[in-house]
Every structure is written in structure tokens, then in C-alpha cells.
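>>> Return atomic coordinates for the entry below.
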Amino acid sequence: MALFSASVERLPLTETLIYLGAAVLLGPYGFGLIFFDPQAHAVLLERLAELAVIVSLFTAGLKLRTPLRDDRWRIPLRLAFGSMTLTVGMVALVGVFLLGLPLGAAVLLGAILAPTDPVLASGVQLEDPSDRDRLRFSLTGEAGLNDGTAFPFVMLGLGLLGLHEIGDWGWRWWAVDVVWRIIGGLTIGAACGATVGRIMVHLRQKHQEGLGRDEFLTIGLIALSYGGAMAAHTYGFLAVFAAGLLLRRIEHRKSCDTAPGPKETTTPPQNIKTHMTQALLRFNERIERILEVVLVLLIGLALSPGYLRVEEIGFIVLLFLVVRPIAVMTGLLGNRTGAVERGMISWFGIRGIGSVYYLMYAVNHGLDPDLAWQLISLVLTVVAVSIVVHGITVTPLMTWYQRHHGSS
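Got it, this is the predicted structure:
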């Protein structure tokens, strides 16, 4: 991929699709040289997916420099809360009546497949912090938020299956899993990001030079926010996203405050904004790419012809062509969003590494082996189909959109 990446970029497909194709050729669908059993290696797969999502969420937060009071945030907030909740409910209904799943397993399936993916969706997300495109902003913000807001529904599904305490009439689920863990995760992450951001900006302004070891800053802040959130029994995914978002906001605001005035002819020796953006994002994206290769290869090697059944094929078609569009259109009711933009958001509900993490999290929390196998086969197939159909369509559709409807 390193040798031929320039050629791949000119093709109507993504690097992720090539990784998946190579793994499928090596796996049971191809030459049968390698088979990866996701159920036997559920702990390993959960940890790898967890790390990939954490890094990707922090990167997404760094790219979103738009102030929180800006109207652009209305769309991702509606998508991450309203549309995602509708998706969970509709997938649960389909799971009960089409797939014959018990209610708890159907809710769990909805929670696993509801969030859009921050790892595999780089082609439709903001390209850099200066990108002001509304569509890319909406998809980036949605992916950053809903990988954390899906967690309460995962816990609800596990609770209905008797694998998690939700309390009488669900009071503990509402009080702890919904209210405390969401608010607590966002608060802890925001506090970590704001504190580290202020220290970083102060030191760079004082010394007028880069601090160096930006990779340590990235890893340290991710570990601090995620570890702090987990220690407080809140959602670490939301904490990491909030940390990246607040770090970016503090850095951008301080950069604007110290920028040269109209009468000044010189610029500071160290451009804080450019340095942070280039150094941290570049390091994060390298880690993200490596983890993406590993996980997509494992997903491809795990695919087996025994996974697909007729009803599951129908479920996948419903998910992409009915459930996601209805959830998006309903969630954006009353919002002045153009039809083309809504259509693009409806189509690019990419499923990926986040779904793999939630799936393995559930498996490792005591799912019945037969039910676990059924969910694994269905979810991994959905992820593979998403990689293929979205990988083929992302380049031509986004090129067409930018040419005819792109806005800044």
C-alpha cells in the first residue's frame, strides 16, 4: 500500500476495501489459508477495536474547531442522539420479527449497529481543521458523539438478557448508564482537554517554540481522559472525543488571541495553531491507519460462507436502504438541511470498528455462545458489506457533491 498508494487514490475505492479483499482471498471465502475465529479471540479483538476507536475519536475531536454555540452542531447532535435512538429501535423491531431474536438480543444488535464509524469513515469526514464543509462536519461530529451515546443501549440490551443490572423498571439504567455516564464522560474529557490545552499554549507562548514529543502529548492526554473516565465509571469514548475537542478549541482560541494585529508585520516564531494541527493529527492518523489495517484484515479472515442466511441478507438491505434513511430524515425534521445533503448523510451511515468493539464487549460479558455466534456472523457481515458498498461509492459521490453542492 505504501508503494502504490498514489495509484489507489485515483481509483473509485478505498484502501480499506483493498485490505478486506486481500483478507477474504486468504480466508475461508478464498484460498482458505488462514481462518481467524473471532469468538475464540474475543478479548484480543475487543482491545484492538477499543484502541482504534479511542485514537479515531480523539482525532475527530481535534478536527472540529467550530465553536459549540455554532448552528453547525445542531445536525450532528440530532444525528447522534435522535437518529441513533430511532435506529436502535427500528433494528430491534426487525431483529425480533425478522431474525427471531429475543428482545434483549435485538436491542443489543440495534446498539451495536446504530453508531456510525469514526475509523473507516475518513473519506467522508473533515480533511483537516480548516475544512468548513457542512456535510463533512455533520458526519464527523455524528461519528464522534454516537460511539459514546450508543453505550447506554448496549447496557440496556445486556440488562434485558440478565447480564447487567438495570434496576426495577430500569431506574439504575436511566440514572447511571444514561445520565451519569454520559454527562460524567463528557465533563471529565472536557476538563482534561481544557487543562492540558491551557498548559500547552502557555508553555509555547512563554518559550516561543514547540514543546517537542507531541506523540507523548497525544498518548498522555488520551490515556488521562480515557483512564479517568473509566475510573469514574463513565463513558471513556465520550471523554476522549471531548478531550480532543476542547484541546482544539483552547488552542484555536488562544492562537486567535495572540495572532498579529493589522498593523503588525511580523509573525510569532512558532505558529501554535499550525504546529499542533500538523504534529498531533499526523501522529494520530498514522496510528489509526496501522490499527485499521490490522482490524480489517482480521474481519476479512473471520468471514465464512456459513455466516450468510437469506433473512440476514434481507436485514442488511433494510438497514442500509430503509432504517438509516428513515432515522436520518426523522431526526432532521425541522432543520433547514437540503435534500441532497440529507440524502448523502442517509447513505454514509458507515458501520465498522465501533460496531466490532461493542460486539466483542457484549461477547466478553457472558453472551450465550449460540447467540454470540449469530450476532458475530451478522455484525461482521454488515461491516464487510459497508466497507464494500461505501468504499466503492465514497469517492465518486463525494467528488460529485463537492463539485455541485459543496459549501464552506
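>>> contacts, neighbours, all on C-alpha from now
Will do.
>>> And for the residue lying closest to residue 348 once chain neighbours are set aside, the neighbour number?
Nearest residue to residue 348 in three dimensions, chain neighbours excluded: residue 390, at 7.0 Å (C-alpha to C-alpha, 6 or more residues apart in numbering). Using other C-alpha atoms under 10 Å, residue 390 has 24 neighbouring residues.
>>> what's the distance between residue 390 and residue 154?
25 Å (C-alpha to C-alpha, to the nearest Å).
>>> Kindly report the same for residue 217.
31 Å.
>>> One more: residue 16?
To residue 154, residue 16 is 27 Å away according to C-alpha to C-alpha.
>>> Ok, residue 338 next?
From residue 338 to residue 154 the distance is 32 Å (C-alpha to C-alpha).
>>> For those two, indicate the residue with more neighbours.
Just comparing residue 338 and residue 154: by other C-alpha under 10 Å the higher neighbour count belongs to residue 154, 25 against 9.
>>> Do I have it right that the more buried one meets residue 112?
Yes. At 6.9 Å, residue 154 counts as touching residue 112 under the criterion of C-alpha atoms under 8 Å.
>>> so what sits against both of those two?
Any residue near both residue 154 and residue 112 by C-alpha atoms under 8 Å, 6 or more residues apart in numbering counts here, and that gives residue 358.
>>> Enumerate every residue touching residue 222.
So residue 222 contacts 54-55, 58, 240, 243 (C-alpha under 8 Å, 6+ apart).
>>> Locate it within the secondary structure: which element?
Per DSSP states H and E, residue 222 falls inside helix 214-231.
>>> just checking, what packs against the next helix or strand after that helix?
Beyond helix 214-231 on the C-terminal side, the first helix or strand identified by DSSP H and E is helix 236-257. The contact analysis (3 or more C-alpha pairs under 8 Å, 6 or more residues apart in numbering; DSSP states H and E) places helix 236-257 against helix 42-63, helix 134-149, helix 181-207, helix 214-231, helix 272-302.
>>> For these, could you give me a markdown table that also reports mean pLDDT?
Formatted as a markdown table, those follow (pLDDT from 0 to 100):
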| stretch | mean pLDDT |
| --- | --- |
| helix 42-63 | 93 |
| helix 134-149 | 88 |
| helix 181-207 | 88 |
| helix 214-231 | 90 |
| helix 272-302 | 81 |
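>>> Let me have those helices in TSV, adding distance to residue 311 as columns.
What follows is the helices and strands packed on helix 236-257, written out as TSV (distance: least, C-alpha to C-alpha, whole Å):
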stretch	distance to residue 311
helix 42-63	25
helix 134-149	27
helix 181-207	35
helix 214-231	38
helix 272-302	20
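>>> For the ones you listed, state which one has the densest average packing.
helix 134-149 (a mean of 26; mean count of other C-alpha atoms under 10 Å).
>>> Just say helix, strand or coil for residue 329.
Following DSSP: H, G, I helix; E, B strand; the rest coil, we place residue 329 in the helix state.
>>> my read: it touches residue 342, true?
Yes. With contact defined as C-alpha under 8 Å, residue 329 and residue 342 form a contacting pair (6.9 Å).
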